[in-house]
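1. What follows is a predicted structure for the sequence shown.
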Amino acid sequence: MREDITYTINSIPFDEDYRPSDGTRATTNFANLARGEGRRENLRNAFDMINNRFNALAPWDNPHGDRYAVELEIISAQASLGHGSDAFPLIEILKPTILDRKNDRRIDGIPGNNFSSYVRDYDFSILLPRHNKGRPDFSIPDDFGDLHGKLFRCFLDSPAYRTAFSKPPVICLSVSSSRTYHRTENRHPVLGIEYRQDQLSATDRYFAKMGLRARCFMPPGSVAPLAFYFTGDLPADYSVLELIGTISTMESFQKIYRPEIYNANSPAGQCYRPDLTHRDHSVTRIVYDREERSRLAIEQGQYAEENFIKPNHAMLAQWSARHAA
């Protein structure tokens, strides 16, 4: 039984005029970029990066490198528990639309990209530190991420998602600085060189409970692999242009807020360990407050606990048990 939780979806353009609403998580990458006196230039520079990267990855029939542009929407999903309950802002993702200027047509991109969740903030910034307080060795609870995973999978199965999107999401994140990645002989024309890690990260296990598995690829012209989380078959289920939309969007974000990894001055080698203290890197002209993002993750985790987890604890436990069954 899943009727106890219903989902609604809203979308707004993410463009030069974007201003974060009161309901938007302040830790989202797009909200961080859209504040301050230089917000419009900040956003314009980010979109230029995305468009330039897209055209670099799609050079065929594109002699001037300007055939394509990427338009982005912020997709917000709210969850309502039971009849008459207030909707809680559960998830935010980005969806690209690819504009083909040569043929004057618009092509749907893959929903997902950046992934943002209040409950994930609660799990990683509140629940996990609380679990490890006073423990001599760091550990992760066996049920860590269970609720979030079920909420996410239920969202993908919901009429709201199936009506809005024709394909499952692909979420693209930075590789983990706590893992070592090894280059393989597997290559894809757009995804690039596949890397495999020595063992799963905490994020990999967390996303596995959401029904997503990870593969890591370093696209042509990139300096570090990206972690792609998906259902199904990543190379086979999506078109080349759809994949380029995801890569160009998320690699540009990663260059902005993980320049030590994704804007390094030399590419990843055969054996690669990401390092956020790496000094040999370039910084973009785009302002991004990484310290604020970390601080707000704690505040927003507390918000999720006070406004979603605690008030609905009994109902969520019952729903979670039914969903597992």
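-> It's in. Numbers count the residues shown, from 1 in each chain.
2. quick one: low-confidence parts of the stretch 101-250 of the chain?
-> Regions of the stretch 101-250 of the chain meeting the criterion pLDDT under 70 are absent.
3. Now with 90, please.
-> Scanning the stretch 101-250 of the chain for pLDDT under 90 picks out the ranges 113-116, 134, 138-139, 141-142, 177-178, 198-199, 201-202.
4. Could you pull out the helices in it for me?
-> Taking DSSP state H, counting those that start in this stretch, the helices of the stretch 101-250 of the chain run over residues 118-122, 128-132, 146-157, 159-164, 202-208, 234-237, 240-257.
5. for these, which one sits closest to residue 106?
-> Residue 106 lies closest to helix 240-257 among the helices of the stretch 101-250 of the chain, at 11.3 Å (C-beta to C-beta). C-beta: built from backbone N, CA, C; applies to glycine.
6. any idea how far the helix or strand just after that closest one is from the chain center?
-> Of the helices and strands lying after helix 240-257 in sequence (DSSP states H and E), the nearest is helix 259-262. Relative to its chain's centre, helix 259-262 lies at 17 Å (C-alpha atoms, centre = their mean, to the nearest Å).
7. How far away from the center of its chain is the following helix or strand past helix 259-262?
-> Following helix 259-262 in sequence order, the next helix or strand is strand 271-272 (DSSP H and E). Mean C-alpha position of strand 271-272 versus that of the full chain (C-alpha atoms, centre = their mean) differs by 23 Å.
8. rewinding a little: nearest to residue 5, out of the helices of the stretch 101-250 of the chain?
-> helix 146-157 (6.2 Å).
9. Okay, strands next: where are they in the protein?
-> 5-14, 68-81, 88-100, 105-108, 112-117, 170-174, 181-188, 192-197, 213-218, 226-230, 271-272 (DSSP state E).
10. any chance of those in TSV, plus mean neighbour count and distance to residue 309?
-> Formatted as TSV, those follow (neighbours: other C-beta atoms under 10 Å; distance: least, C-beta to C-beta, whole Å):
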stretch	mean neighbour count	distance to residue 309
strand 5-14	17	14
strand 68-81	20	12
strand 88-100	21	10
strand 105-108	13	34
strand 112-117	22	13
strand 170-174	23	22
strand 181-188	14	34
strand 192-197	19	31
strand 213-218	21	26
strand 226-230	23	24
strand 271-272	16	37
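11. ok, now how distant is the residue nearest to residue 302 when sequence neighbours are not counted from residue 255?
-> Spatial nearest neighbour of residue 302, excluding adjacent residues (C-beta to C-beta, 6 or more residues apart in numbering): residue 126 at 6.3 Å. Using C-beta to C-beta, to the nearest Å, we find residue 126 at a distance of 30 Å from residue 255.
12. More neighbours: which of the two?
-> Under the criterion of other C-beta atoms under 10 Å, the comparison of residue 126 against residue 255 puts residue 255 first, with 24 against 19.
13. Now do the contacts for the more buried one.
-> For residue 255, the contacting residues are 49, 262-263, 284, by C-beta atoms under 8 Å, 6 or more residues apart in numbering.
14. same thing but at 6 Å, please
-> Residues in contact with residue 255, defined by C-beta atoms under 6 Å, 6 or more residues apart in numbering, are 262-263, 284.
15. before we move on, what about residue 224?
-> Counting by C-beta under 6 Å, 6+ apart, residue 224 touches 261-262, 268.
16. Apply 10 Å and report the result again.
-> Taking C-beta atoms under 10 Å, 6 or more residues apart in numbering, we find residue 224 in contact with 174-175, 181, 195, 216, 218, 251, 254-255, 258, 260-264, 267-268, 272, 274, 278.
17. With residue 81 instead?
-> Residues near residue 81 by C-beta under 10 Å, 6+ apart: 4-6, 87-88, 308, 311-312, 315-316, 319.
18. List the ones among the residues you listed that fall in helices.
-> 315-316, 319 (DSSP state H).
19. who wins for proximity to residue 68 among the helices of the stretch 101-250 of the chain?
-> Each of the helices of the stretch 101-250 of the chain has some distance to residue 68 by C-beta to C-beta; the shortest is helix 240-257, at 7.9 Å.
20. Name the nearest residue to residue 254, ignoring sequence neighbours.
-> residue 262 (4.0 Å).
21. I'd assumed residue 222 was in contact with that neighbour.
-> Yes: assessed by C-beta atoms under 10 Å, residue 262 is found in contact with residue 222 at 7.4 Å.
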